[in-house]
Every structure is written in C-alpha cells, then in structure tokens.
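Chemist: Need coordinates for the below:
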Amino acid sequence: MGSLGAILKHPDDFYPLLKLKMAVRHAEKQIPPEPHWGFCYSMLHKVSRSFALVIQQLGPQLRNAVCIFYLVLRALDTVEDDTSIPTDVKVPILIAFHRHIYDCEWHFSCGTKDYKVLMDQFHHVSTAFLELGKSYQEAIEDITKRMGAGMAKFICKEVETVDDYDEYCHYVAGLVGLGLSKLFHASGSEDLAPDVLSNSMGLFLQKTNIIRDYLEDINEIPKSRMFWPRQTWSKYVNKLEDLKDEENSVKAVQCLNDMITNALIHVDDCLTYMSALRDPAIFRFCAIPQVMAIGTLALCYNNIEVFRGVVKMRRGLTAKVITKQKLWLMSMVLSLTFPVDRSDPNAEKTFSRVEAIQKTCRESGLLNKRKSYIIRNKPRYNPALDGNSLELPVYLHGWLATRVCDLFHGTSISDLCI
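Modeler: The predicted structure is shown next:
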C-alpha cells in the first residue's frame, strides 16, 4: 500500500491507497472460472499491475478483447525485450507471431518471472483469442503482424535519427493506439479515430517510458538497450552512457529536456483524441495513462535524478488518479508547470509546445472562458543547474479548474514524487 513514511507525509493518500487495494482484491475475485480466461485475467493483474482495473471497467466483450490484445502484445514485447535470445532466433519469432496466436499448441520459453509464465502457457491466451468476435480477431492479428515486423526491423537497426525514434515508437506503441481505436470501433462504442491521433496516443506514452527508463535500459544485462536517438544525445555527449556520469550533469539535463520537449509534440493530439470519446469507461481507460505520463514528464523535467535512479509519481497519487470516479480530460494539463531554465538550449521550443497545448485547451468547447485560474509550483532544485529558471504557468478555465483541483487536492508538482 506504499511506504509508511510516504503515507505519513501525505496522509490523504491513505484512503485512495486502501480503496485501490480493495478494488484489486475485488477484481481478483471476479476472474472467470474457465481455465483459459482465468489464466488470462490472472496474468493481466500480474503483468499490467493496477492498469488491469481500468481494463475490467470496460464492457464485457470489449474487456475480453482488450485483455487478450494486451497479453498478446505483452508476450511479443517479452520476446523483443529478452536480450539473451540470439538475433537469428528472435527475428523469425517476431515476424511470425501473428500466426502463433491462432495456434493453441504454441509456446516459447523466454523472459523472467510472470512474463516467463505467460510465455510458457501462452496456449491459454490463444484459446481465449479464438473465442473473440471476428472483427476483434482481425484487429489484433493486423496490429500484431505490423508490430512484430517493426520490432524485427529494429533488432538489426540502431535508433540514429529522430525519424528513427518516431518510427520505432510507432511500431511498439503507436500501433497499440491504432489497435485500440479499432477495438473501440468494433465494439460499437466509438467512431474510428484518425490514425495520426491514435498513433500520438501511443507515442506519447512510449516516449515518456523511454525517457524515464534511461538508467534501467542503459544498465541492461547482458546488453544495454538504447532508444534515445543519436541525433539528439550526440549534441551533448560522445556516448549515450556518458549521460549518467556526474561530470556530464549539465549536459545530461539539457539532453533530457530536449527529449521531453520532443515528447510534448504529441500532447495536443492526445487531447483531441480523448475529447472525441463518448463512452466514460473508454475515456477513463485512455485518460488515466495519459495523466500518469504527463505527471511523470513533469517530474523528469530538469531532474538529474533520471540519470541516478528511479523517478516516478508516488503510489498515493497514482491511487488517486485510478480510483477517482470522474477523471476529467484536461486534468493532465495540471502537470504542465515546467520550471523552464532560461539558459537551457531548448527553452524557447519548450515554451512554444506548452503554449500550443494551452491553446487547444482554451479553444475547447469544454472550457468556460469567463473565469480563469493560474496554477503554479516552485521550481525544483537541481544541482546540475544554476537555479536560473523560469516558471511556466498553466491557465485553466471555469469549472474545469475546479475539477482539476478537486482531483489532485491542490497537489503541487514537487509533491508528486515518492
């Protein structure tokens, strides 16, 4: 339920954490009795953590389809992530994975812990997949095929340019956005979203993960995993791993801010995508990870700790986001109070991108323009910088600001961390 120290520091986290724990136990009791579906939902709770709760709030048919879609892609990702698998073995599996999901006898031992169990007993996933409606099966097969081919391409290809970076993120996450849009449409709940918007939904989440996980990926054993584009990091250091060296702290933070500024490109599309959603459960399913991502980026911005350890939102606030009954679309904008360093080489571009996001908010029909609020936070101290920072306020309007403040109970960005 979170460390005692964190709860003592943020006592209002206790009830959301307790509520989340109770929700997890309730969801676990609702696991279907059929062996293959029981395995799938049990595994979903183990490999997707609390996000499984959001999936289980979807309608029955869509819930099953999204559960299987998630597990299929998680299995595919497990093959890609396992650096111990030789390339000549891994590539054919990735390319043929879309056919394996139709084979109830197929399995492949790789990964560790729960991921290994998923791969060893993948026949349960295939059995459940074959019980889905035809339109769901076709959408899952199509995305799996395209993703496997893209992953195989980047097994043998470095992420050199920003275009390579966007292409890689499209294959491993943008296609997830496209697939989910197809599943939402197949359920009859939503119109089919434009591919460019669906792609951005995935790219924003993936880029946030790549930024946050720098240290974990660079220290991967037996081989480092490098996803930051050379075109970006080579402006600051000679080797990507040099960013974690203390003597490169200033350059490391500048490179980090460059990566975050690039990720902000996609927020406007994400807001547009979510504003068109009609089903409240689908909206929560989409909005919660986006809120978590923008909060994570706000924590990472200007933060040398990205190169020293783990930077993430504290569990109590995560519980608040997940358990809140009404998650408002623009709540993600709350976190856009980046303390921009005037001397940062990307400062002007960062301002420009955040202002573009704010423009979308101001022009949205959801906003009451008669009244506005300014939400500010104190700049985070960063020993790699000289303290010459400039706060970028966020403007929220009318009832929207009230709902945002209610969601986070006045939490500042500095309070988001563990």
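Chemist: Quick one: neighbours of residue 179, just the number.
Modeler: 26 (other Cβ atoms under 10 Å). (C-beta placed from N, C-alpha, C; glycine too.)
Chemist: was I right about it contacting residue 140?
Modeler: Yes - counting by Cβ atoms under 8 Å, residue 179 touches residue 140, with 6.8 Å between them.
Chemist: Residues that sit against both of those two, list them.
Modeler: Common contacts of residue 179 and residue 140, defined by Cβ atoms under 8 Å, 6 or more residues apart in numbering, comprise residue 69.
Chemist: Please, where are all the strands along the stretch 51-200 of the chain?
Modeler: For the stretch 51-200 of the chain, applying DSSP state E, counting those that start in this stretch gives no strands.
Chemist: Mind jotting down where the helices sit in it?
Modeler: Using DSSP state H, counting those that start in this stretch, the helices found in the stretch 51-200 of the chain span residues 51-55, 60-81, 87-100, 113-120, 123-129, 134-155, 162-169, 175-186, 195-212.
Chemist: of all those helices, which gets the most neighbours per residue?
Modeler: For the helices of the stretch 51-200 of the chain, the largest average neighbour count (mean count of other Cβ atoms under 10 Å) is found in helix 175-186, namely a mean of 24.
Chemist: Do me a favour and average the pLDDT over that helix.
Modeler: Throughout helix 175-186, pLDDT has a mean value of 98.
Chemist: Likewise for stretch 269-277?
Modeler: So the average pLDDT for stretch 269-277 ends up being 89.
Chemist: what's the answer for stretch 298-311, then?
Modeler: Stretch 298-311 comes out at a mean pLDDT of 90.
Chemist: Now do it: distance from first to last residue.
Modeler: Stretch 298-311 has an end-to-end distance of 10 Å (Cα to Cα, to the nearest Å).
Chemist: same deal with stretch 211-224?
Modeler: Using Cα to Cα, the two ends of stretch 211-224 sit 15 Å apart.
Chemist: Now do that stretch, average pLDDT.
Modeler: 89.
Chemist: Would you confirm that residue 300 contacts residue 212?
Modeler: Yes - with contacts counted by Cβ under 8 Å, residue 300 reaches residue 212, the gap being 6.0 Å.
Chemist: Find the residues that touch each one of those two.
Modeler: 306, 311.
Chemist: Report the central residue of this protein.
Modeler: For the chain, residue 205 is the residue whose C-alpha lies nearest the centre (Cα atoms, centre = their mean; 3.3 Å).
Chemist: What sits closest to that one if chain neighbours are left out?
Modeler: Of all residues not flanking residue 205 in the chain, residue 293 sits nearest, at 5.3 Å (Cβ to Cβ, 6 or more residues apart in numbering).
Chemist: same deal with residue 170?
Modeler: residue 199 (6.0 Å).
Chemist: My guess is the one you found contacts residue 167. True?
Modeler: No - using Cβ under 8 Å, residue 199 makes no contact with residue 167, being 10.9 Å away.
Chemist: for the stretch 201-350 of the chain, what spans make up the strands?
Modeler: Residue ranges of the strands in the stretch 201-350 of the chain, as given by DSSP E, counting those that start in this stretch, are 339-341.
Chemist: follow-up on the earlier one: what sits in contact with each of residue 199 and residue 167?
Modeler: With Cβ under 8 Å, 6+ apart, residue 199 and residue 167 have no common neighbours.
Chemist: Next, find the distance separating the residue nearest to the centre of the chain from residue 41.
Modeler: Relative to residue 41, residue 205 is positioned 23 Å away (Cβ to Cβ, to the nearest Å).
Chemist: residues near residue 288, how many?
Modeler: Counted with other Cβ under 10 Å, the neighbours of residue 288 add up to 20.
Chemist: picking that back up, now render the helices of the stretch 51-200 of the chain as JSON lines, adding distance to residue 233.
Modeler: Compiled in JSON lines, the helices of the stretch 51-200 of the chain are given as follows (distance: least, Cβ to Cβ, whole Å):
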{"stretch": "helix 51-55", "distance to residue 233": "30"}
{"stretch": "helix 60-81", "distance to residue 233": "21"}
{"stretch": "helix 87-100", "distance to residue 233": "24"}
{"stretch": "helix 113-120", "distance to residue 233": "29"}
{"stretch": "helix 123-129", "distance to residue 233": "37"}
{"stretch": "helix 134-155", "distance to residue 233": "17"}
{"stretch": "helix 162-169", "distance to residue 233": "11"}
{"stretch": "helix 175-186", "distance to residue 233": "25"}
{"stretch": "helix 195-212", "distance to residue 233": "12"}
